[in-house]
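Asks: I would like to see how this sequence folds:
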Amino acid sequence: MRGENSGSLRHRFGAGCCALLLLALTSGGAAQAASSPDHGGSGRLDPRIREIMRKPDYPNAQWGLLQQDPDNGRVVHSRFADQFFIPGSVAKLFGTSGEWDTLGGGHRFKTPVYAVGERRGTTLNGNLGLVAQGDLTMGGRTRPDGTVDYTDLDHTYANDFPGATLTPENPLAGINKLAQQVRKSGITRVNGNVVVDDRLFQPEPTFIPEPTPLMVNDNLIDLLTTPGAHPGAPAQLDWRPKVAPYRVTSSVKTVAAGQPTDIQVTTSDNGTRIRLSGTVAAGSEPALKVSPIADPAAFGRTALIEALGRAGVKVTAKPTGANPVGQLPGSYKGRPRVALYTSPPFSQYAKLIFKVSHNLGGNLAICLMAVATGSKHCMDGFPVLAGFLDRAGVDRKQVQLLDGRGGNPADRTTPKAVVQLLTYWQHTPEAKVFRNALPILGVDGLLADNCTHCAARGKVFAKTGAAVGLDALNNRLAVGAITIAGYLDKGNGRFDVFFAGVNGASTPTTDVNGVLDIGNDLAMISAYLQEAAARGEG
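Replies: Residues are numbered from 1 along each chain as shown. Alright, predicted model coming up:
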């Protein structure tokens, strides 16, 4: 099964594990653990799983495994279930679950625009204030049916892995709707300014990437390079969203088919001048890169002023420049609301976070839990998460977190804690919604290209994770962790919950394909667990 769709599998599962993270590694007496009997559980481990764990690729690694029936608590398989493992993006299960509990799966973010000043006919003498609410996508991924769109390898991973693709929706869709509503309110001229009110929460530099109260296109500029008609021809460039003062130029050349595609992105003028250079192979698919938006609030302000112009509303203030926060009012009490953008339900955002391992959304979860308590400090979200985990029956002493994405060196979890969380969700009215929000083996998200023709296809619902860094001493990649956790469909509406992971592995070289091989091993372990569970074994 390893050979199925190997090219796209390598790209997608690698990103699904998480972007390459420089984390501290764990190791230990794993060689013995991999070849020893189960350390608990009523089932006999599939020989194919034992074969994977005994591969010569894992001489110093330690394996963790826990599979349990959430209805009666029966443990099917258990290996080091109480030991800390680096979770990678499996940690997103904790923070996003806490946000789901705090806000509710049906919660919709409502981003208003207020008129602050005196209205005379169609003219506002004053400012428009967009009050950011922490909406993760601001309409930039919303399909016509109201669901949130995603691709199996998200654009946020474009600089780490080739093959990332864009969703077709307009990243400025929410901003455009706000502008159109301002016009429908009767305003055609603003003698004043547009101000983004980003006081919802303060920046938290510990979180990488750093969430902001207003986010447009994940705070990224998409840069799409298409090869020219023949070798030697200039490549074609497209980029989005096109908002002043950002400017993009390219000197990328087309090279012969089969030659490397190698594109570099450089920036200047505080990130607003972006230049692409390098090569793209003739006949290849368009190559996507991204560049960060330097000041999301200023970017959003300019985007709204430009959208207002397209909608027929003239703003006298200069569209570019810093966001004039000094002009924000103390409150909006008594100020007329002239526009409101309403997001899809939060469960759709959770699906996005899980399916593509959305790092910005994972970190945002912690900030929004803090906001729910009235705090502007993201770190105040952790006590909220702690309270949820207590109510959910998760032993939070078996979880260590310093972010919401699973990318901090301090992040740890035991298999037992993950399984406790998954068990909690299985007993809630939203069990099916939560389960289907996870990547599905061989079907979608970051497991779309794994096990596409095996018996377990469509029957494993699981979040993946990884922590990978460079071992410069041995010129190879050091794999702190590859993990997978979720649900195994046993048929007739019954599911087991599981965690599987390996810490302290490594690859022979710096080629990322070695990491993806390990990722595929974890995916196949989940498949073998599901097949045995469906047969009633264990």
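Asks: check the burial of residue 391 by counting its neighbours.
Replies: Neighbourhood size, residue 391 [other C-beta atoms under 10 Å]: 10. Glycine gets a C-beta too; all of them are placed from N, C-alpha and C.
Asks: change the start of the numbering to 323 and stick with it
Replies: In the new count, where the first residue is 323, that last one comes out as residue 713.
Asks: OK, contacts around it?
Replies: Residues in contact with residue 713, defined by C-beta atoms under 8 Å, 6 or more residues apart in numbering, are residue 423.
Asks: tally of neighbours for the nearest residue to residue 770 once chain neighbours are set aside?
Replies: Nearest residue to residue 770, sequence neighbours excluded (C-beta to C-beta, 6 or more residues apart in numbering): residue 474, at 4.4 Å. Other residues within reach of residue 474, judged by other C-beta under 10 Å, total 23.
Asks: per-residue pLDDT, residue 474?
Replies: For residue 474, the model assigns a pLDDT of 94.
Asks: name the SS class of it, please.
Replies: Recorded secondary structure, residue 474: coil (DSSP: H, G, I helix; E, B strand; the rest coil).
Asks: for it, give me its contacts.
Replies: 334, 677-678, 766-768, 770-771.
Asks: for the chain, longest helix please?
Replies: helix 835-856 (DSSP state H).
Asks: who are the packing partners of that one?
Replies: Judged by 3 or more C-beta pairs under 8 Å, 6 or more residues apart in numbering; DSSP states H and E, helix 835-856 is in contact with helix 328-339, helix 369-375, strand 384-390, strand 782-793, strand 798-813, strand 816-828.
Asks: so what's residue 691 up against?
Replies: 417, 420-421, 424, 702-704, 706-707.
Asks: which residue is nearest the centroid of the protein?
Replies: residue 680 (0.3 Å; C-alpha atoms, centre = their mean).
Asks: quick check, residue 594 in contact with residue 617.
Replies: No - the pair residue 594 and residue 617 does not pass the contact test of C-beta atoms under 8 Å, sitting 9.1 Å apart.
Asks: the two: who's more crowded?
Replies: residue 594 (21 against 17).
Asks: how's the protein carved up into domains?
Replies: Here the domain parsing of the chain from automatic domain parsing is 328-409+733-856, 539-614.
Asks: quickly, which of the ones you listed bottoms out on average pLDDT?
Replies: With a mean of 86, domain 328-409+733-856 has the lowest mean pLDDT of the domains of the chain.
Asks: distance from the chain centre to that one, please.
Replies: 18 Å (C-alpha atoms, centre = their mean, to the nearest Å).
Asks: how about the helices in this structure?
Replies: Going by DSSP H, the chain shows helices at 328-339, 352-357, 369-375, 414-425, 495-506, 618-633, 668-678, 681-694, 703-713, 737-748, 753-759, 835-856.
Asks: distance to residue 799 added to these, as TSV?
Replies: Below are those laid out as TSV (distance: least, C-beta to C-beta, whole Å):
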stretch	distance to residue 799
helix 328-339	11
helix 352-357	18
helix 369-375	19
helix 414-425	22
helix 495-506	39
helix 618-633	32
helix 668-678	22
helix 681-694	20
helix 703-713	31
helix 737-748	24
helix 753-759	30
helix 835-856	6
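Asks: nearest to residue 788, out of those?
Replies: helix 328-339 (2.9 Å; C-beta to C-beta).
Asks: reformat the helices and strands packed on helix 835-856 as a markdown table; add mean neighbour count.
Replies: Output for the helices and strands packed on helix 835-856, formatted as a markdown table (neighbours: other C-beta atoms under 10 Å):
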| stretch | mean neighbour count |
| --- | --- |
| helix 328-339 | 23 |
| helix 369-375 | 16 |
| strand 384-390 | 26 |
| strand 782-793 | 26 |
| strand 798-813 | 24 |
| strand 816-828 | 25 |
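Asks: surely residue 817 and residue 784 touch.
Replies: No - in this structure, residue 817 is not within contact of residue 784 by C-beta under 8 Å, at 11.3 Å.
Asks: could you dump the contacts of residue 474 to JSON lines with distance to residue 730?
Replies: Shown next, in JSON lines, are the contacts of residue 474 (distance: C-beta to C-beta, whole Å):
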{"residue": "334", "distance to residue 730": "24"}
{"residue": "677", "distance to residue 730": "22"}
{"residue": "678", "distance to residue 730": "20"}
{"residue": "766", "distance to residue 730": "28"}
{"residue": "767", "distance to residue 730": "23"}
{"residue": "768", "distance to residue 730": "20"}
{"residue": "770", "distance to residue 730": "27"}
{"residue": "771", "distance to residue 730": "28"}
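Asks: if you rank the residues you listed by neighbours, which is first?
Replies: residue 768 leads those on contacts (other C-beta under 10 Å) with 32 neighbours.
Asks: so what's the residue nearest to residue 601 when sequence neighbours are not counted up against?
Replies: Of all residues not flanking residue 601 in the chain, residue 577 sits nearest, at 4.6 Å (C-beta to C-beta, 6+ apart). Under the criterion of C-beta under 8 Å, 6+ apart, the neighbours of residue 577 are 553, 601-604.
Asks: circling back: can I get the helices and strands packed on helix 835-856 in JSON lines including distance to residue 500?
Replies: Below are the helices and strands packed on helix 835-856 laid out as JSON lines (distance: least, C-beta to C-beta, whole Å):
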{"stretch": "helix 328-339", "distance to residue 500": "32"}
{"stretch": "helix 369-375", "distance to residue 500": "51"}
{"stretch": "strand 384-390", "distance to residue 500": "47"}
{"stretch": "strand 782-793", "distance to residue 500": "33"}
{"stretch": "strand 798-813", "distance to residue 500": "37"}
{"stretch": "strand 816-828", "distance to residue 500": "42"}
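Asks: returning to what we had before: and the contacts of residue 474, which is closest to residue 436?
Replies: residue 678 (33.5 Å).
Asks: separation between that closest one and residue 386?
Replies: 25 Å (C-beta to C-beta, to the nearest Å).
Asks: now do residue 812
Replies: 22 Å.
Asks: got it, and residue 585?
Replies: 39 Å.
Asks: residue 565 now?
Replies: From residue 565 across to residue 386, the span is 46 Å (C-beta to C-beta).
Asks: and if you look at residue 593?
Replies: 41 Å.
Asks: same check, this time on residue 853
Replies: 20 Å.
Asks: ditto for residue 586
Replies: 39 Å.
Asks: got it, and residue 369?
Replies: 19 Å.
Asks: repeat for residue 394
Replies: Where residue 386 is concerned, residue 394 sits at a distance of 22 Å (C-beta to C-beta).
Asks: got it, and residue 833?
Replies: 26 Å.
Asks: and residue 611, by the same measure?
Replies: Distance from residue 611 to residue 386, by C-beta to C-beta: 36 Å.
Asks: what do you get for residue 646?
Replies: Taking C-beta to C-beta, one finds residue 646 at 52 Å from residue 386.
Asks: and for residue 540?
Replies: 32 Å.
Asks: which residues in the stretch 373-522 of the chain form strands?
Replies: 384-390, 397-401, 430-442, 445-453, 511-512, 516-519 (DSSP state E, counting those that start in this stretch).
Asks: among the ones you listed, which is nearest residue 779?
Replies: Per C-beta to C-beta, nearest to residue 779 of those: strand 384-390, 19.0 Å.
Asks: give the other helices and strands that the closest one contacts.
Replies: helix 352-357, strand 397-401, helix 737-748, strand 816-828, helix 835-856.
Asks: okay, these in a markdown table with distance to residue 463 next?
Replies: What follows is those, written out as a markdown table (distance: least, C-beta to C-beta, whole Å):
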| stretch | distance to residue 463 |
| --- | --- |
| helix 352-357 | 40 |
| strand 397-401 | 38 |
| helix 737-748 | 24 |
| strand 816-828 | 29 |
| helix 835-856 | 25 |
